[in-house]
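> model this:
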Amino acid sequence: MSPQLIFIGIAILAGFLLLFILSGIRFIPNNRLGIVEKRFGQRSVRGGFIARQGEAGYQPDVLRGGLHYLRPLQYRVHIAPLVTIPQGKIGYVFARDGEPLSSMQVLASNATANDFQDVAAFLKNGGQRGPQRQILREGTYAINLAQFVVITQERVYYLPLSRDDQTVIQNMAALIGERSGFTPVVIKDSDDLAGIVTIHDGHSLPDGEIIAPIVGTDYNNSETYHNNFQMPDRFINAGGLRGRQLQVLVEGTYYLNRLFSTVQMIPKTIVDVGTVGVVISYNGAVGIDLSGVDYRHGELVERGSRGVWSEPLLPGKYAFNTYAGKVVMVPTTNIILKWIRSEVGSHHFDENLSEVSLITKDAFEPSLPLSVV
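Below you'll find the model as predicted:
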């Protein structure tokens, strides 16, 4: 074999070797990231989905913008976008790997695992799989889309794995959209509305109760103050229960996870001048009768107890939870009750009254109209 052919062979071999080495170089644009998939290794993932010990499979760490070198053929890099949540919008997170949810949970807890940009720390700290209680606010996030699915109003950020996986994600996105969950709850002062909150996670209400009590309102307690249901794990930690809540939302903007809490708007209760609002409460402990032995028209209990409150609502405007009680307006000014069937006062207290039937000494039966102040 001539020296020239040997030289050509060596050059070709060196070229292939150079191409093989260069094939391990990956360039990631600064506005994107790389999700690393290890094709083969000494072992495969035994439990879970993410390879936390260098096994074959999806790796927890992502590649950020720049040049990176990975061993050729052993690694595959999936280029994915950075997750962007526009201003005034909300993003929802679904974890594919982690601890399973308990029987009482609907959403995964983020009390100890709340960093979605660090997959290794999320799993190490006991992060749970499934939809998360914590939401994403405005900003840009470098999230591993093999582990996390992020659902926004504009698009769904995820690495496609299977058709079943896509079906679950689409159903979750549809449910959030039905609940108007991609925007915060805004209650304007001009609307004169109050928000009734229903919680969909946590322990159920005890038998016989229809309204969950108020919890976690002390802002000095950083472990239980949930800031009007905007911190679900603190609400649960404070002993909050699933179901319709006694606490209402008033004017303001609230970033709520609509998979955790939904809000129904009701008008505020207005007690006009010249009237008081007598409260019939459906909530609270059974109260002690405060009416006294001389009062024979029912029982009166202290404010916050179940029953008719001894203290009425004075004239004013109240964000009263009408699912927790009823307010009956009673006039405090002089009113005229007419025992006349054809005439009814504006208060309607005499709408069932009619003329008084009499029998005279002469056996006549006249009807006597009356007016009583």
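> What residues does Gln134 make contact with?
Listed by Cβ atoms under 8 Å, 6 or more residues apart in numbering, the contact partners of Gln134 are Val93, Asn110, Asn114, Phe116, Pro232, Asp233, Asn257. C-betas here are computed from N, CA, C, even on glycine.
> ditto for Pro131
Tyr92, Val93, Phe94, Val106, Leu107, Ala108, Met172, Leu259.
> Tell me the secondary structure at it.
strand (DSSP: H, G, I helix; E, B strand; the rest coil).
> can you check Ala173 too?
Strictly by three-state DSSP, Ala173 counts as helix.
> now do Phe235
Assigned with three-state DSSP, Phe235 falls in the helix class.
> Report pLDDT for it.
We note a pLDDT of 97 for Phe235 in this prediction.
> now do the one 10 residues further on
Gln245 is assigned 98 on the pLDDT scale.
> Repeat that for the one 4 residues further on.
Looking at Leu249, its pLDDT is 97.
> domains of the protein?
Listed by automatic domain parsing, the domain ranges of the chain are 85-178, 185-267, 268-329, 334-373.
> Would you format those as JSON lines with distance to Pro3 included?
As requested, those are exported to JSON lines (distance: least, Cβ to Cβ, whole Å):
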{"stretch": "domain 85-178", "distance to Pro3": "52"}
{"stretch": "domain 185-267", "distance to Pro3": "74"}
{"stretch": "domain 268-329", "distance to Pro3": "95"}
{"stretch": "domain 334-373", "distance to Pro3": "116"}
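> quick revisit: among the contacts of Gln134, which ones are buried?
Buried members of the contacts of Gln134, counted by 16 or more other Cβ atoms under 10 Å: Val93, Asn110, Asn114, Phe116, Pro232, Asp233, Asn257.
> Which residue, neighbours along the chain excluded, lies closest to the first one?
When you say that, I think you mean Val93. Gln132 (4.3 Å; Cβ to Cβ, 6 or more residues apart in numbering).
> Ala319 too?
Ala319's closest residue in space is Ala194 (Cβ to Cβ, 6+ apart), at 3.9 Å.
> now the one you found, what's its secondary structure?
Per three-state DSSP, Ala194 ends up strand.
> That one and Ala108, how far apart?
30 Å (Cβ to Cβ, to the nearest Å).
> of those two, who's got more company?
Comparing Ala194 with Ala108 by other Cβ atoms under 10 Å, the one with more neighbours is Ala108, at 25 against 22.
> Okay, and the beta partners of that one?
Gln132 (DSSP bridges).
> quick one: it from Gly91, how far?
15 Å.
> now swap in Val263 and tell me
Distance, Val263 to Gly91, using Cβ to Cβ: 19 Å.
> For the stretch 201-350 of the chain, which segments count as strands?
Secondary structure of the stretch 201-350 of the chain (DSSP state E, counting those that start in this stretch): strands located at 243-249, 252-254, 261-267, 269-271, 275-281, 307-308, 316-318, 325-331, 337-338.
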